[in-house]
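> The following comprises the amino acid sequence and a computationally predicted model.
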Amino acid sequence: MEYRIDESAGAATVTFQGDITFSENVTFRAMLKELGEMKPSSCVFDLSNVGLVDSAGLGMFLIAKEHADNGGFKLSVTGAQGHVASMLKLTKLSDLLDE
């Protein structure tokens with residue numbers, strides 16, 4: 001997994017590339033720390049280029065949601081397709097992370 005954070009007018013967009021799996025836990029937490037330091041008013045996770053999210057990846061999204069709630073910003077996802085969209089809907093994460 002790779003990511004890029006873009007910020008504009010207090011809103012952040014995190015664009016992910018690759019799979020979000022257990023092995024990406026450290027990278028994901030580093031991204032959350034970087035995001036927290038930016039103090040955005042809102043953040044969008046762009047999942048357009050993500051092909052797979054495993055159970056640990058879903059857990060990381062829950063951690064991100066908690067991070068957003070504690071940091072006072074809104075978190076949403078966009079671009080989820082195929083397997084990733086199915087996993088978000090199946091686990092009802094799409095309801096928590098405004099899609």
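That came through fine.

> Bridged to the residue sitting nearest the centre point of the chain, which residues?
Centroid-nearest residue in the chain: residue 45, 4.4 Å away (criterion: C-alpha atoms, centre = their mean). Listed by DSSP bridges, the beta-bridge partners for residue 45 are residue 14, residue 77.

> got a list of what it touches?
For residue 45, the contacting residues are 14, 16, 61, 64, 75-78, 97, by C-beta atoms under 8 Å, 6 or more residues apart in numbering. Glycine gets a C-beta too; all of them are placed from N, C-alpha and C.

> now residue 22
54, 56-57.

> For it, give its distance to residue 54.
6 Å (C-beta to C-beta, to the nearest Å).

> swap in residue 20?
For residue 20, the distance to residue 54 - C-beta to C-beta - is 8 Å.

> higher neighbour count, those two?
Comparing residue 20 with residue 54 by other C-beta atoms under 10 Å, the one with more neighbours is residue 20, at 25 against 15.

> So the more buried one sits against residue 57, correct?
Yes. Counting by C-beta atoms under 8 Å, residue 20 does reach residue 57; the two are 3.7 Å apart.

> How are the strands of this protein distributed by residue range?
2-8, 11-17, 42-49, 74-78 (DSSP state E).

> got the buried residues for stretch 59-70?
Using 16 or more other C-beta atoms under 10 Å as the test for burial, stretch 59-70 gives 59-61, 64, 67-68.

> Save the residues you listed as TSV, and put in distance to residue 2 and pLDDT too.
Converted to TSV, the buried residues of stretch 59-70 look like this (distance: C-beta to C-beta, whole Å; pLDDT from 0 to 100):
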residue	distance to residue 2	pLDDT
59	20	95
60	15	96
61	17	95
64	16	96
67	20	94
68	21	94
